[in-house]
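Engineer: Could you work out the structure for the sequence below:
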Amino acid sequence: MADQADSRPQATRRKVTEADRRRISASELFRTMTPDELDPLLPQCNIIELEPEEILLPAGQHSDTVYLVLTGRLQIQPTNLELTDCLGMPGGGFVGEKGLIDGGFTFAQVVASSASAVLEIPRNVVWAMIDTSRTLSAQMLQLLARPVRPQAEDTAEAWARRQEREQARNQDPLTGLRNRHWLEHAFPAALEEAQKHHAPACLMMIDIDNFEPFLQKHGTAAAEAALRSVGRALASRMRGHDLLARYGDDEFALLAPLCDVRGGRAAAERLRAAVAAWRISGDGGEELPGLTVSIGVAEADPHDWLLTLVVRAGEALRRAKRGGRNRIEWEAGDGAGS
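Structural biologist: Numbers count the residues shown, from 1 in each chain. So this is what the prediction gives:
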């Protein structure tokens with residue numbers, strides 16, 4: 001079966017016509033060259049005609065050719081980043097300037113965003129042009145440098161925007177902890193890593209006790225301050241490689257790699273004690289009643305899935321609630337434990 005690149009329409013290549021020559025000689029780059037300097041070199045170049053969406057340069061392809069946009073507009077699509085639109089100026093935009101220096105690989109895909117005509121200039125012809133005209137060499141350096149800064153800035157801005165969106169998707173805005181979306185991606189990866197090395201891992205499901213009455217009595221602002229305080233208390237007792245996330249309204253989840261059920265019980269007790277001792281202040285600095293948490297602990301079985309682990313830790317959590325709250329329960333090898 002042919003791959004997608006093979007089935008793609010091929011760009012139309014043709015020789016430079018007299019109309020092309022006039023357009024080229026009037027361009028910002030070549031207007032300093034006399035016809036006697038330019039005309040002998042143009043037969044070594046081609047005109048590439050592109051339809052909208054047609055690819056001029058695939059990413060990762062070896063390139064030692066420079067392309068001058070005569071008409072139309074091109075778009076650069078950096079790998080793994082959102083589309084960056086640039087190099088669309090008729091009679092001046094350059095693509096492939098990196099190949100002029102080192103004949104390297106293209107870092108991005110270049111696509112026509114409209115019907116375009118591009119002058120294809122082999123690397124040896126570019127250097128011959130530079131040798132022919134000192135004025136041209138200075139002009140070319142300026143034009144080659146011109147797209148670099150905006151392109152770098154566009155790429156950096158795109159990367160920053162992507163990072164902001166990624167953070168918004170993965171972070172709980174109230175507590176500053178990771179959220180359930182992040183948990184559902186990070187926990188399975190950590191679990192798989194532990195299983196690959198035959199290492200234990202424990203999941204702790206943590207729920208704030210009597211949070212609904214607290215909310216009804218003290219209001220939303222106080223409840224939000226309490227959630228932030230509980231999140232800080234939990235984070236203060238987690239190890240560097242533990243994974244903590246806000247799982248639901250008043251529920252948190254912590255995955256402890258390299259930790260069996262005995263270590264998980266000890267870690268859960270540290271978390272429980274930290275929350276019980278944590279001072280809770282409202283947004284105005286007023287002291288609020290303290291809160292406690294109940295915790296269910298389950299150790300991952302070989303080939304366990306996150307969902308089944310959540311269910312088992314959740315069942316242990318429910319036993320802790322039924323047993324009086326402010327306590328931990330765990331899934332023991334021979335049944336429930338406390």
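Engineer: quick one: low-confidence parts of the stretch 1-150 of the chain?
Structural biologist: Within the stretch 1-150 of the chain, the segments meeting pLDDT under 70 span 1-10, 60-62, 77-108, 134-136, 138-150.
Engineer: which stretches of it form strands?
Structural biologist: Using DSSP state E, counting those that start in this stretch, the strands found in the stretch 1-150 of the chain span residues 12-15, 46-50, 55-57, 65-71, 74-78, 94-95, 108-112, 116-122.
Engineer: got the angle for the last one vs strand 108-112?
Structural biologist: What it means is strand 116-122. Computed by axes from the mean of the first three to the mean of the last three CA atoms, to 10 degrees, the angle separating strand 116-122 from strand 108-112 equals 130 degrees.
Engineer: Quick check: neighbours of strand 116-122 in the sheet, parallel or antiparallel?
Structural biologist: Looking at strand 116-122 with DSSP bridges, its partner strands are strand 46-50 (antiparallel), strand 65-71 (antiparallel).
Engineer: Dump those to JSON lines, plus distance to Ala233 and mean neighbour count.
Structural biologist: C-beta: built from backbone N, CA, C; applies to glycine. As requested, the strands paired with strand 116-122 are exported to JSON lines (distance: least, CB to CB, whole Å; neighbours: other CB atoms under 10 Å):
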{"stretch": "strand 46-50", "distance to Ala233": "60", "mean neighbour count": "20"}
{"stretch": "strand 65-71", "distance to Ala233": "59", "mean neighbour count": "21"}
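Engineer: To Ala320, which of these lies closest?
Structural biologist: Nearest to Ala320, of all the strands paired with strand 116-122, is strand 46-50, at 65.7 Å by CB to CB.
Engineer: Next, the contact list for Gly296, please.
Structural biologist: For Gly296, the contacting residues are 204-205, 313-320, 328-331, by CB atoms under 8 Å, 6 or more residues apart in numbering.
Engineer: In strands, which of the residues you listed appear?
Structural biologist: Of these, the ones assigned to strands by DSSP state E are 204-205, 328-331.
Engineer: Most neighbours of all those, which one?
Structural biologist: Among the ones in strands among the contacts of Gly296, Met204 has the most neighbours (other CB atoms under 10 Å), with 30 neighbours.
Engineer: So for the residue nearest to that one when sequence neighbours are not counted, what's the pLDDT?
Structural biologist: Nearest residue to Met204, sequence neighbours excluded (CB to CB, 6 or more residues apart in numbering): Leu254, at 4.5 Å. Per-residue confidence (pLDDT) for Leu254: 96.
Engineer: phi, psi of Leu254?
Structural biologist: Per-residue torsions, Leu254: phi -130, psi 120 (degrees, to the nearest 10).
Engineer: Can you classify the spatially closest residue to Asp209 that is not a sequence neighbour as helix, strand or coil?
Structural biologist: The shortest distance from Asp209 to any non-neighbouring residue, by CB to CB, 6+ apart, is to Arg325 (4.2 Å). Here Arg325 is recorded as coil under DSSP: H, G, I helix; E, B strand; the rest coil.
Engineer: For Arg325, list the residues it contacts.
Structural biologist: The contact partners of Arg325, taken as CB under 8 Å, 6+ apart, are 209-210, 292, 294.
Engineer: go on, Val310?
Structural biologist: By CB under 8 Å, 6+ apart, the contact set of Val310 is 203, 205, 253.
Engineer: Now do stretch 230-242: everything it contacts.
Structural biologist: For stretch 230-242, the external contacting residues (CB under 8 Å, 6+ apart) are 175-177, 206, 208, 244, 246, 252, 254-258, 267, 270-271, 274-275, 277-278, 291, 293.
Engineer: So which of those residues belong to strands?
Structural biologist: Taking DSSP E as the definition of strands, those contribute 206, 208, 244, 246, 252, 254-257, 293.
Engineer: among those residues, which two are most distant?
Structural biologist: Greatest spacing in these, by CB to CB: Ile208 and Pro257 (24.7 Å).
Engineer: So for these two, which residue has more residues nearby?
Structural biologist: Neighbours of Ile208 and Pro257, each counted by other CB under 10 Å, are more numerous for Ile208; the result is 21 against 18.
Engineer: Please name the nearest non-neighbouring residue to the more buried one.
Structural biologist: Distance criterion CB to CB, 6+ apart; nearest residue to Ile208, sequence neighbours excluded, is Asp250 at 4.2 Å.
Engineer: and stretch 331-338, what's its mean pLDDT?
Structural biologist: Stretch 331-338 shows a mean pLDDT of 56 in the predicted model.
Engineer: can you check stretch 295-309 too?
Structural biologist: Stretch 295-309 carries an average pLDDT of 88.
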